[in-house]
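Colleague: Please work out how this folds:
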Amino acid sequence: MRYFFSILILFLLLTAVACKKSFSAKDSDALVKVGSKTLYRNDLEGNIPAGLSKEDSTIAAENFIHSWVVDALLYDIASKNLNDKESIDRLVEEYRKSLLIYQYEEQLVNEKLSNEIDEQSLSDYYNQNKDNLKLERPLVKGLFLKVPATAPQLNEIRTWYKLINSSSRENLENYCLNNAATFNYFADKWTDFNDVINYFPKELLSGQDIKAQKQTIEKQDDKNVYFLNITDCLQEGDNTPYEYAKPTIREILINQRRIDFLKKTKDDLYQRAINRSEIQFYSE
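Modeller: Numbering: from 1, shown residues only. Next comes the predicted model:
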């Protein structure tokens, strides 16, 4: 069997797998047959990741063929020997029915329902529910800067990064363009504190540094100097600010609109069937 696989895989590599050609089902060559099931060359090709070396492609193809053969053998045995086939058939039919209904509902939603939510609806929902929209993690505003340890004007940077104004921001942006530095300005946008603190190598941070609070932080390692100025912060459990909550609110409203739409569609469908006498109820 091992010899067979080696010859088979070598043939595949020379003809299909290595160059990833496409074949249609009708002109693909049969590779393996188990009972009434046949594995074709294009089936195998579609399951071999692109970019593998010749050796890795051989191994992947051999593993796939072996797995396919074992599954086919097990399926054949199970089909012949399973006692409760009717239960399996019912489960398959129930799954098929659920899948068809789900796909049709998704089609209806995509065709009939817009995902656009106007600003007023977002604002209204926020104002009505803001006390229930609590932060699960701290948020901060500020700026972060990383520059090479050998960069010039470090003293100027130490002044600029502490001043959150248009002039200092412009100075830092111009500096970064000329000195291969990283500059992230989020003084006007609430940002996850965990994302911000991850800009630093972990070994440079102290317990005080990882607290979400108004502070300036300067750290240095062998390669870079890191600057952070947190100008504002919100803690876990605080009300979520509107701009930060908007994506979540939009998803909530879209989902609610989807639920309402599908409910109305089902109710209308039922009522039309009643009106047309398409449903017959039998009484005892």
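Colleague: Looking at this structure, which helix is longest?
Modeller: helix 242-275 (DSSP state H).
Colleague: from the chain's centre, how far out does that one sit?
Modeller: Relative to the mean C-alpha coordinate of its chain, helix 242-275 is positioned 23 Å out (CA atoms, centre = their mean, to the nearest Å).
Colleague: Quickly list the domain ranges of this protein.
Modeller: Domain assignment for the chain by automatic domain parsing gives 2-81, 119-130+241-275, 136-234.
Colleague: neighbours of Asn47, just the number please.
Modeller: 15 (other CB atoms under 10 Å). Any C-beta I mention is one placed from the backbone N, CA and C, and that applies to glycine too.
Colleague: What residues of stretch 68-85 count as buried?
Modeller: Judged by neighbour count (16 or more other CB atoms under 10 Å), stretch 68-85 contains these buried residues: Trp68, Val69, Ala72.
Colleague: if you compare the domains of the chain, which one is most tucked away?
Modeller: With neighbours defined as mean count of other CB atoms under 10 Å, the domains of the chain peak in mean count at domain 136-234, which reaches a mean of 16.
Colleague: circling back to that earlier point, now render the domains of the chain as a markdown table, adding mean pLDDT and distance to Ser98.
Modeller: Listed next are the domains of the chain as a markdown table, based on pLDDT from 0 to 100; distance: least, CB to CB, whole Å:
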| stretch | mean pLDDT | distance to Ser98 |
| --- | --- | --- |
| domain 2-81 | 75 | 23 |
| domain 119-130+241-275 | 95 | 14 |
| domain 136-234 | 93 | 33 |
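Colleague: what's the span of stretch 207-220, first residue to last?
Modeller: Terminal residues of stretch 207-220 are spaced 17 Å apart (CA to CA, to the nearest Å).
Colleague: which residues are contacting that stretch?
Modeller: Residues outside stretch 207-220 that contact it (CB atoms under 8 Å, 6 or more residues apart in numbering): 138-140, 149, 158, 161-162, 193, 197, 200-201, 204-205, 225-235.
Colleague: residues touching the nearest residue to Gly35 once chain neighbours are set aside, list them.
Modeller: Of all residues not flanking Gly35 in the chain, Asp76 sits nearest, at 4.7 Å (CB to CB, 6 or more residues apart in numbering). Counting by CB under 8 Å, 6+ apart, Asp76 touches Val34, Gly35, Lys37.
Colleague: Kind regards, and thank you for your time.
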